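Q: sequence and predicted structure, then a few things I'm wondering about:
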Amino acid sequence: MDISKSGESTIAVHGGERRWRGSVTTPIVQSSTFVFQNMEEVALYTAGKKSHYEYGRYGNPTQEAAEKKLAMLEGAECCLLFDCGMSAVSATVFALMKMGDHIILTDDAYKQTLNFAENFLPRFGIEVTVVPMGDYEKMEAAIRKNTVMLFSESPTNPYLNIADLARISELGRKHKITTVIDSTFGGPYNQKPLKTGIDIVIHSGTKFLAGHNDILSGAVMTSRKFFGRIKDFQKMTGGVPDPNSCFLLLRGLKTYSLRMERQNQTALEVAQRLEKHPKIKRVYYPALPSHRQHKLAKEQMRGFGGVVTFDVKGNLEQTLKFLDTLKLCLIAPSLGGPESLITHPATVTYYAMTRDERIAIGITDELVRLAVGFEDVEDIIADLDQALAVI
Ligand SMILES: *Cc1c(COP(=O)(O)O)cnc(C)c1O
(Lines give C-alpha, C1' and ligand atoms only; values in the text may rest on other atoms or scores of the structure.)
Protein backbone atom coordinates (compact mmCIF):
# COMPACT_ATOMS: atom_id res chain seq x y z
CA MET A 1 0.00 0.00 0.00
CA ASP A 2 1.34 3.40 -0.99
CA ILE A 3 0.79 5.50 2.12
CA SER A 4 1.62 8.72 0.27
CA LYS A 5 -1.59 8.27 -1.79
CA SER A 6 -3.73 7.82 1.34
CA GLY A 7 -5.74 10.42 3.19
CA GLU A 8 -3.96 12.95 5.36
CA SER A 9 -4.90 11.34 8.66
CA THR A 10 -3.54 8.01 7.43
CA ILE A 11 -0.32 9.69 6.28
CA ALA A 12 -0.05 11.43 9.64
CA VAL A 13 -0.20 8.07 11.44
CA HIS A 14 1.71 5.75 9.10
CA GLY A 15 3.75 7.92 6.73
CA GLY A 16 7.53 7.54 6.94
CA GLU A 17 7.52 5.33 10.05
CA ARG A 18 10.59 3.07 10.36
CA ARG A 19 9.32 0.07 12.28
CA TRP A 20 12.20 -1.92 13.70
CA ARG A 21 12.08 -5.50 15.02
CA GLY A 22 8.32 -5.34 15.35
CA SER A 23 8.13 -1.97 17.08
CA VAL A 24 4.95 -0.12 16.20
CA THR A 25 6.60 3.26 16.65
CA THR A 26 9.86 4.43 15.11
CA PRO A 27 12.68 4.13 17.66
CA ILE A 28 14.83 7.03 18.78
CA VAL A 29 18.20 6.21 17.27
CA GLN A 30 20.25 8.06 19.86
CA SER A 31 23.58 7.76 18.12
CA SER A 32 25.92 10.43 16.82
CA THR A 33 27.76 8.08 14.46
CA PHE A 34 27.19 4.86 12.53
CA VAL A 35 29.25 1.70 12.10
CA PHE A 36 30.42 0.20 8.81
CA GLN A 37 30.80 -3.59 8.76
CA ASN A 38 34.08 -3.44 6.86
CA MET A 39 36.08 -1.32 4.41
CA GLU A 40 34.25 -2.80 1.45
CA GLU A 41 31.02 -1.33 2.80
CA VAL A 42 32.78 2.03 3.18
CA ALA A 43 33.88 1.83 -0.46
CA LEU A 44 30.36 1.00 -1.66
CA TYR A 45 28.96 3.87 0.42
CA THR A 46 31.44 6.49 -0.79
CA ALA A 47 30.89 5.35 -4.39
CA GLY A 48 27.17 5.97 -3.90
CA LYS A 49 26.37 2.28 -4.46
CA LYS A 50 25.00 1.59 -1.03
CA SER A 51 23.00 3.83 1.29
CA HIS A 52 24.30 3.96 4.81
CA TYR A 53 24.26 6.35 7.73
CA GLU A 54 27.63 7.83 8.48
CA TYR A 55 27.63 10.68 10.96
CA GLY A 56 24.79 12.42 12.79
CA ARG A 57 25.19 15.77 11.06
CA TYR A 58 24.53 14.05 7.72
CA GLY A 59 21.38 12.21 8.75
CA ASN A 60 19.75 9.90 11.28
CA PRO A 61 17.00 7.26 10.87
CA THR A 62 14.60 8.96 13.31
CA GLN A 63 15.12 12.29 11.52
CA GLU A 64 14.53 10.65 8.14
CA ALA A 65 11.29 9.07 9.30
CA ALA A 66 9.96 12.47 10.39
CA GLU A 67 11.16 14.04 7.13
CA LYS A 68 9.34 11.40 5.07
CA LYS A 69 6.09 11.85 7.00
CA LEU A 70 6.24 15.62 6.63
CA ALA A 71 7.08 15.51 2.94
CA MET A 72 4.01 13.30 2.34
CA LEU A 73 1.78 15.65 4.35
CA GLU A 74 3.00 18.69 2.43
CA GLY A 75 3.02 16.93 -0.95
CA ALA A 76 6.73 17.74 -1.33
CA GLU A 77 9.42 15.70 -3.08
CA CYS A 78 11.81 16.35 -0.19
CA CYS A 79 11.82 17.59 3.37
CA LEU A 80 14.80 18.64 5.43
CA LEU A 81 14.47 19.09 9.17
CA PHE A 82 16.38 21.64 11.23
CA ASP A 83 16.81 22.29 14.92
CA CYS A 84 14.38 25.23 14.68
CA GLY A 85 12.45 27.32 12.18
CA MET A 86 15.00 30.12 12.00
CA SER A 87 17.72 27.62 11.05
CA ALA A 88 15.48 26.54 8.18
CA VAL A 89 15.03 30.18 7.11
CA SER A 90 18.69 31.15 7.33
CA ALA A 91 19.98 27.93 5.72
CA THR A 92 17.60 28.34 2.77
CA VAL A 93 18.79 31.90 2.16
CA PHE A 94 22.50 31.16 2.63
CA ALA A 95 22.40 27.96 0.57
CA LEU A 96 20.73 29.62 -2.43
CA MET A 97 22.19 33.14 -2.39
CA LYS A 98 25.59 34.73 -2.82
CA MET A 99 27.22 38.14 -2.60
CA GLY A 100 25.64 40.61 -5.02
CA ASP A 101 22.27 38.82 -5.12
CA HIS A 102 19.01 40.51 -4.16
CA ILE A 103 16.11 39.23 -2.03
CA ILE A 104 12.60 40.69 -1.70
CA LEU A 105 10.58 40.16 1.48
CA THR A 106 7.13 41.28 2.59
CA ASP A 107 6.98 43.73 5.47
CA ASP A 108 4.97 41.80 8.02
CA ALA A 109 7.30 38.80 8.00
CA TYR A 110 8.26 37.08 11.26
CA LYS A 111 10.28 39.53 13.35
CA GLN A 112 13.55 37.56 13.33
CA THR A 113 13.25 36.80 9.61
CA LEU A 114 13.09 40.53 8.91
CA ASN A 115 15.88 41.19 11.40
CA PHE A 116 18.08 38.59 9.67
CA ALA A 117 17.30 40.00 6.21
CA GLU A 118 17.56 43.70 6.97
CA ASN A 119 20.32 43.81 9.56
CA PHE A 120 22.46 40.78 8.78
CA LEU A 121 22.36 39.85 5.08
CA PRO A 122 23.75 43.23 3.89
CA ARG A 123 26.97 42.34 5.78
CA PHE A 124 27.45 39.58 3.21
CA GLY A 125 26.80 41.85 0.25
CA ILE A 126 23.25 40.57 -0.22
CA GLU A 127 20.81 43.32 -1.21
CA VAL A 128 17.43 43.39 0.52
CA THR A 129 14.13 45.08 -0.37
CA VAL A 130 11.11 44.94 1.89
CA VAL A 131 7.77 45.57 0.15
CA PRO A 132 4.31 46.07 1.69
CA MET A 133 2.39 42.81 2.11
CA GLY A 134 -0.33 42.50 -0.52
CA ASP A 135 1.11 45.10 -2.93
CA TYR A 136 2.01 42.95 -5.94
CA GLU A 137 2.76 45.94 -8.19
CA LYS A 138 5.41 47.11 -5.72
CA MET A 139 6.67 43.56 -5.44
CA GLU A 140 7.11 43.25 -9.20
CA ALA A 141 8.59 46.75 -9.46
CA ALA A 142 11.18 45.79 -6.83
CA ILE A 143 12.53 42.96 -9.00
CA ARG A 144 16.01 43.69 -10.36
CA LYS A 145 18.42 41.82 -12.62
CA ASN A 146 20.11 40.32 -9.56
CA THR A 147 16.92 39.32 -7.69
CA VAL A 148 17.07 35.62 -6.90
CA MET A 149 14.52 35.15 -4.12
CA LEU A 150 11.04 36.29 -3.19
CA PHE A 151 10.22 35.48 0.42
CA SER A 152 6.76 35.87 1.94
CA GLU A 153 4.56 34.41 4.63
CA SER A 154 0.93 33.42 4.80
CA PRO A 155 -0.95 33.93 7.06
CA THR A 156 1.25 36.52 8.74
CA ASN A 157 1.81 37.47 12.33
CA PRO A 158 -0.04 39.07 14.09
CA TYR A 159 -2.71 40.33 11.64
CA LEU A 160 -3.09 37.05 9.74
CA ASN A 161 -2.75 38.77 6.38
CA ILE A 162 -2.97 36.38 3.45
CA ALA A 163 -0.43 36.37 0.62
CA ASP A 164 -1.76 35.52 -2.84
CA LEU A 165 0.25 32.34 -3.36
CA ALA A 166 -0.69 31.86 -7.02
CA ARG A 167 0.29 35.44 -7.80
CA ILE A 168 3.64 35.14 -6.04
CA SER A 169 4.47 31.89 -7.80
CA GLU A 170 3.47 33.47 -11.13
CA LEU A 171 5.84 36.41 -10.47
CA GLY A 172 8.55 33.92 -9.60
CA ARG A 173 8.11 31.97 -12.82
CA LYS A 174 7.87 35.10 -14.98
CA HIS A 175 11.10 36.56 -13.64
CA LYS A 176 12.88 33.25 -12.88
CA ILE A 177 13.09 33.93 -9.16
CA THR A 178 12.92 31.31 -6.41
CA THR A 179 9.74 31.77 -4.37
CA VAL A 180 9.70 30.88 -0.67
CA ILE A 181 6.67 30.85 1.65
CA ASP A 182 6.87 30.56 5.42
CA SER A 183 3.69 28.53 5.91
CA THR A 184 3.98 28.13 9.70
CA PHE A 185 0.62 29.78 10.50
CA GLY A 186 -1.25 27.77 7.87
CA GLY A 187 0.41 24.37 7.82
CA PRO A 188 -0.08 21.50 5.35
CA TYR A 189 -3.56 20.73 6.68
CA ASN A 190 -4.84 24.19 5.75
CA GLN A 191 -2.82 25.08 2.66
CA LYS A 192 -0.34 23.58 0.22
CA PRO A 193 1.75 26.38 -1.31
CA LEU A 194 3.84 23.93 -3.40
CA LYS A 195 0.65 22.98 -5.30
CA THR A 196 0.24 26.60 -6.41
CA GLY A 197 3.77 26.59 -7.83
CA ILE A 198 5.73 28.00 -4.88
CA ASP A 199 9.28 26.57 -4.93
CA ILE A 200 10.06 26.24 -1.24
CA VAL A 201 7.88 25.99 1.87
CA ILE A 202 9.33 26.65 5.30
CA HIS A 203 7.80 25.76 8.65
CA SER A 204 8.62 26.42 12.20
CA GLY A 205 7.86 22.85 13.28
CA THR A 206 7.87 24.21 16.82
CA LYS A 207 4.29 25.38 16.28
CA PHE A 208 1.46 23.31 14.75
CA LEU A 209 3.58 20.44 13.38
CA ALA A 210 5.14 19.26 16.64
CA GLY A 211 2.09 20.75 18.32
CA HIS A 212 2.85 20.26 22.03
CA ASN A 213 4.85 23.31 23.14
CA ASP A 214 7.77 21.04 24.02
CA ILE A 215 10.36 21.12 21.22
CA LEU A 216 11.91 23.52 18.73
CA SER A 217 11.90 22.30 15.15
CA GLY A 218 12.14 23.62 11.61
CA ALA A 219 11.45 22.20 8.16
CA VAL A 220 12.16 23.04 4.54
CA MET A 221 9.94 21.34 1.96
CA THR A 222 10.87 21.53 -1.67
CA SER A 223 11.75 19.71 -4.87
CA ARG A 224 15.00 17.85 -5.57
CA LYS A 225 16.12 20.90 -7.54
CA PHE A 226 16.68 22.96 -4.36
CA PHE A 227 17.00 20.20 -1.77
CA GLY A 228 20.58 19.18 -2.58
CA ARG A 229 22.07 22.63 -2.04
CA ILE A 230 20.20 23.17 1.25
CA LYS A 231 21.14 19.69 2.50
CA ASP A 232 24.80 20.32 1.58
CA PHE A 233 24.66 23.58 3.53
CA GLN A 234 23.31 21.73 6.58
CA LYS A 235 25.95 19.01 6.27
CA MET A 236 28.58 21.74 6.30
CA THR A 237 27.20 24.11 8.94
CA GLY A 238 24.85 22.07 11.17
CA GLY A 239 21.50 23.16 12.49
CA VAL A 240 20.47 19.49 12.59
CA PRO A 241 17.66 18.32 14.89
CA ASP A 242 18.50 15.78 17.56
CA PRO A 243 16.89 12.31 17.43
CA ASN A 244 14.78 12.96 20.53
CA SER A 245 13.18 16.04 18.98
CA CYS A 246 12.61 14.09 15.78
CA PHE A 247 10.79 11.43 17.77
CA LEU A 248 8.62 14.04 19.49
CA LEU A 249 7.89 15.61 16.12
CA LEU A 250 6.93 12.19 14.69
CA ARG A 251 4.73 11.54 17.70
CA GLY A 252 3.13 14.98 17.48
CA LEU A 253 2.44 14.57 13.78
CA LYS A 254 0.34 11.44 14.33
CA THR A 255 -2.44 13.63 15.70
CA TYR A 256 -1.76 16.50 13.29
CA SER A 257 -5.06 16.31 11.35
CA LEU A 258 -7.08 15.83 14.53
CA ARG A 259 -5.42 18.80 16.18
CA MET A 260 -5.79 21.09 13.17
CA GLU A 261 -9.44 20.25 12.74
CA ARG A 262 -10.05 21.07 16.38
CA GLN A 263 -7.93 24.22 16.50
CA ASN A 264 -9.46 25.56 13.26
CA GLN A 265 -12.93 25.03 14.74
CA THR A 266 -12.10 26.49 18.17
CA ALA A 267 -10.42 29.56 16.68
CA LEU A 268 -13.40 30.13 14.37
CA GLU A 269 -15.87 29.97 17.26
CA VAL A 270 -13.72 32.23 19.44
CA ALA A 271 -13.35 34.74 16.58
CA GLN A 272 -17.10 34.79 15.94
CA ARG A 273 -17.91 35.25 19.61
CA LEU A 274 -15.31 37.97 20.11
CA GLU A 275 -16.55 39.87 17.06
CA LYS A 276 -19.91 40.25 18.80
CA HIS A 277 -18.40 41.15 22.18
CA PRO A 278 -19.07 44.72 23.38
CA LYS A 279 -15.53 45.04 24.84
CA ILE A 280 -13.84 44.11 21.55
CA LYS A 281 -13.06 46.74 18.93
CA ARG A 282 -11.93 44.52 16.07
CA VAL A 283 -11.14 40.87 15.35
CA TYR A 284 -8.65 39.63 12.75
CA TYR A 285 -9.33 36.09 11.55
CA PRO A 286 -9.28 35.04 7.87
CA ALA A 287 -12.54 33.07 8.14
CA LEU A 288 -14.50 36.19 9.07
CA PRO A 289 -16.08 38.15 6.19
CA SER A 290 -14.68 41.30 7.90
CA HIS A 291 -11.10 40.13 7.26
CA ARG A 292 -9.28 42.10 4.56
CA GLN A 293 -8.36 39.06 2.46
CA HIS A 294 -11.30 36.83 3.37
CA LYS A 295 -12.08 35.94 -0.25
CA LEU A 296 -8.47 35.04 -1.05
CA ALA A 297 -8.19 33.04 2.17
CA LYS A 298 -11.29 31.04 1.23
CA GLU A 299 -9.83 30.32 -2.21
CA GLN A 300 -6.47 29.02 -1.08
CA MET A 301 -7.09 27.66 2.42
CA ARG A 302 -9.10 24.74 3.75
CA GLY A 303 -9.17 25.97 7.35
CA PHE A 304 -7.83 29.17 8.84
CA GLY A 305 -5.59 28.10 11.70
CA GLY A 306 -5.55 28.41 15.44
CA VAL A 307 -4.58 32.06 15.90
CA VAL A 308 -7.07 34.86 16.50
CA THR A 309 -5.90 38.46 16.85
CA PHE A 310 -8.04 41.27 18.25
CA ASP A 311 -8.10 44.82 19.56
CA VAL A 312 -9.80 45.27 22.90
CA LYS A 313 -11.75 48.47 23.61
CA GLY A 314 -9.37 50.01 26.09
CA ASN A 315 -6.02 51.69 26.65
CA LEU A 316 -2.65 50.04 27.34
CA GLU A 317 -3.26 49.76 31.08
CA GLN A 318 -6.66 48.10 30.58
CA THR A 319 -5.26 45.72 27.99
CA LEU A 320 -2.52 44.60 30.39
CA LYS A 321 -5.11 44.20 33.15
CA PHE A 322 -7.22 42.02 30.83
CA LEU A 323 -4.17 39.80 30.19
CA ASP A 324 -3.36 39.59 33.89
CA THR A 325 -6.94 38.55 34.70
CA LEU A 326 -6.93 35.53 32.37
CA LYS A 327 -6.78 32.23 34.23
CA LEU A 328 -6.78 29.54 31.53
CA CYS A 329 -4.96 31.30 28.69
CA LEU A 330 -1.28 31.54 29.53
CA ILE A 331 0.81 34.62 28.75
CA ALA A 332 3.46 33.21 26.43
CA PRO A 333 4.61 33.53 22.84
CA SER A 334 4.26 30.67 20.32
CA LEU A 335 1.24 28.82 18.96
CA GLY A 336 -0.07 25.46 17.91
CA GLY A 337 0.21 23.56 21.20
CA PRO A 338 -2.28 22.11 23.72
CA GLU A 339 -2.29 25.17 25.98
CA SER A 340 -4.03 28.34 24.79
CA LEU A 341 -1.33 31.02 24.73
CA ILE A 342 -1.91 34.74 24.61
CA THR A 343 0.53 37.52 23.88
CA HIS A 344 0.57 41.26 23.70
CA PRO A 345 2.67 42.05 20.61
CA ALA A 346 3.42 45.62 21.76
CA THR A 347 5.19 44.54 24.94
CA VAL A 348 6.15 40.92 24.26
CA THR A 349 7.46 41.16 20.68
CA TYR A 350 8.03 44.82 19.87
CA TYR A 351 9.26 46.03 23.27
CA ALA A 352 12.48 47.42 21.73
CA MET A 353 10.58 49.94 19.59
CA THR A 354 9.24 53.30 20.74
CA ARG A 355 5.45 53.57 20.92
CA ASP A 356 5.37 55.73 17.78
CA GLU A 357 7.55 53.27 15.85
CA ARG A 358 5.40 50.28 16.66
CA ILE A 359 2.13 52.12 16.05
CA ALA A 360 3.55 53.11 12.66
CA ILE A 361 3.84 49.39 11.77
CA GLY A 362 0.35 48.74 13.12
CA ILE A 363 1.15 47.30 16.55
CA THR A 364 -1.29 49.17 18.78
CA ASP A 365 -1.49 49.21 22.60
CA GLU A 366 -4.74 47.23 22.60
CA LEU A 367 -3.68 44.48 20.18
CA VAL A 368 -3.76 40.92 21.54
CA ARG A 369 -2.88 37.62 19.84
CA LEU A 370 -4.52 34.43 21.05
CA ALA A 371 -3.29 31.00 19.94
CA VAL A 372 -6.02 28.56 20.88
CA GLY A 373 -5.08 25.21 22.39
CA PHE A 374 -7.02 21.98 22.70
CA GLU A 375 -9.17 23.02 25.66
CA ASP A 376 -12.98 23.07 25.43
CA VAL A 377 -14.01 26.11 23.45
CA GLU A 378 -16.58 27.13 26.09
CA ASP A 379 -13.85 27.27 28.73
CA ILE A 380 -11.63 29.46 26.54
CA ILE A 381 -14.55 31.79 25.83
CA ALA A 382 -15.53 31.90 29.52
CA ASP A 383 -11.95 32.82 30.44
CA LEU A 384 -11.86 35.62 27.86
CA ASP A 385 -15.29 36.85 29.02
CA GLN A 386 -14.36 37.05 32.69
CA ALA A 387 -11.12 38.89 31.87
CA LEU A 388 -12.80 41.30 29.43
CA ALA A 389 -15.20 42.20 32.24
CA VAL A 390 -12.40 44.13 33.99
CA ILE A 391 -12.09 46.57 31.10
C1 LIG B 1 8.10 30.76 15.23
C2 LIG B 1 8.22 31.19 13.83
C3 LIG B 1 9.46 31.13 13.16
C4 LIG B 1 10.72 30.71 13.84
O5 LIG B 1 10.69 29.39 14.22
P6 LIG B 1 11.56 28.82 15.46
O7 LIG B 1 11.19 27.39 15.48
O8 LIG B 1 11.12 29.58 16.66
O9 LIG B 1 12.98 29.08 15.14
C10 LIG B 1 9.49 31.52 11.84
N11 LIG B 1 8.39 31.94 11.19
C12 LIG B 1 7.19 32.01 11.80
C13 LIG B 1 6.01 32.49 11.03
C14 LIG B 1 7.06 31.64 13.14
O15 LIG B 1 5.88 31.72 13.75
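A: Yep, that arrived.

Q: could you use CA atoms for every contact and neighbour count after this?
A: OK.

Q: could you list the domains of the chain?
A: Structural domains annotated on the chain: 7-253, 257-388, as defined by automatic domain parsing.

Q: end-to-end on the last one?
A: In terms of C-alpha to C-alpha, to the nearest Å, the two terminal residues of domain 257-388 are separated by 32 Å.

Q: mind checking how far that domain is from the chain centre?
A: Between the centre of domain 257-388 and the centre of its chain there are 17 Å (C-alpha atoms, centre = their mean, to the nearest Å).

Q: pLDDT on it, on average?
A: Taken as a whole, domain 257-388 carries a mean pLDDT of 96.

Q: gap between the longest helix seen in the chain and the chain center?
A: Using DSSP state H, we find that the single longest helix of the chain is helix 256-275. Put simply, helix 256-275 sits 18 Å off its chain's centre (C-alpha atoms, centre = their mean).

Q: tell me the strands beside whichever helix or strand comes after that helix, with direction?
A: Per DSSP states H and E, the first helix or strand lying C-terminal to helix 256-275 is strand 280-284. In the sheet, strand 280-284 lines up against strand 307-312 (antiparallel) (DSSP bridges).

Q: for the next helix or strand after the strand it pairs with, packing partners?
A: Where DSSP H and E defines the elements, the next helix or strand beyond strand 307-312 is helix 316-325. The contact analysis (3 or more C-alpha pairs under 8 Å, 6 or more residues apart in numbering; DSSP states H and E) places helix 316-325 against helix 377-388.

Q: which outside residues touch the helix it packs on?
A: 266, 269-270, 273, 279, 322-323, 325-329, 340 (C-alpha atoms under 8 Å, 6 or more residues apart in numbering).

Q: how does it look with 10 Å?
A: The contact list for helix 377-388 (C-alpha atoms under 10 Å, 6 or more residues apart in numbering) reads 262-263, 265-271, 273-274, 277-280, 312-314, 318-319, 321-329, 340, 372-374.

Q: what does stretch 268-277 give?
A: 262-263, 265-267, 280-288, 290, 303-313, 370, 372, 377-378, 380-381, 384-385, 388.

Q: out of the domains of the chain, flag the one nearest Met1.
A: Of all the domains of the chain, domain 7-253 sits nearest to Met1, with 10.9 Å by C-alpha to C-alpha.

Q: is Leu105 in contact with Val148, as I believe?
A: No: taking contacts as C-alpha atoms under 10 Å, Leu105 lies outside contact range of Val148: 11.5 Å.

Q: ends of stretch 94-103, what's the gap?
A: 11 Å.

Q: next, the buried residues of that stretch.
A: For stretch 94-103, a neighbour-count test (16 or more other C-alpha atoms under 10 Å) marks 94-95, 97, 101-103 as buried.

Q: ok, Arg21 - how many residues close by?
A: Burial of Arg21 is recorded as 6 neighbouring residues (other C-alpha atoms under 10 Å).

Q: quick one on the thing from earlier: in PyMOL, select just the buried ones from the contacts of stretch 268-277.
A: Selection of the buried residues among these in PyMOL, burial being defined by 16+ other C-alpha under 10 Å:
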select buried, resi 262+263+265+266+267+280+281+282+283+284+285+286+287+288+303+304+305+306+307+308+309+310+311+312+313+370+372+377+380+381+384+385+388
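
Q: how about the residues of this structure near the ligand?
A: Residues of the chain lying near the ligand by C-alpha under 6 Å from any ligand atom: 84-86, 110, 182, 184, 204, 206, 216-218.

Q: from these, which ones fall inside strands?
A: The members of the residues of the chain next to the ligand that map onto strands under DSSP state E are 182, 204, 218.

Q: what about the host helix or strand of Gln234, distance to the chain center?
A: In this structure, Gln234 sits in helix 224-237 according to DSSP H and E. On the basis of C-alpha atoms, centre = their mean, helix 224-237 sits 20 Å off its chain's mean C-alpha point.

Q: what packs against that helix?
A: If contacts are counted by 3 or more C-alpha pairs under 10 Å, 6 or more residues apart in numbering; DSSP states H and E, helix 224-237 sits against strand 78-82, helix 85-96, strand 218-222.

Q: check which helices and strands the helix or strand that the second one is followed by sits against.
A: The helix or strand immediately downstream of helix 85-96 is strand 102-106, counting by DSSP H and E. Contacts of strand 102-106 with other secondary structure elements, assessed using 3+ C-alpha pairs under 10 Å, 6+ apart, are made with helix 111-119, strand 127-131, helix 136-141, strand 147-153, strand 178-182.

Q: and the residue of the stretch 51-200 of the chain found nearest the ligand, how far from Pro188?
A: Closest contact between the stretch 51-200 of the chain and the ligand, by C-alpha to the nearest ligand atom, is at Gly85 (3.4 Å). Using C-alpha to C-alpha, Gly85 is found at 15 Å from Pro188.
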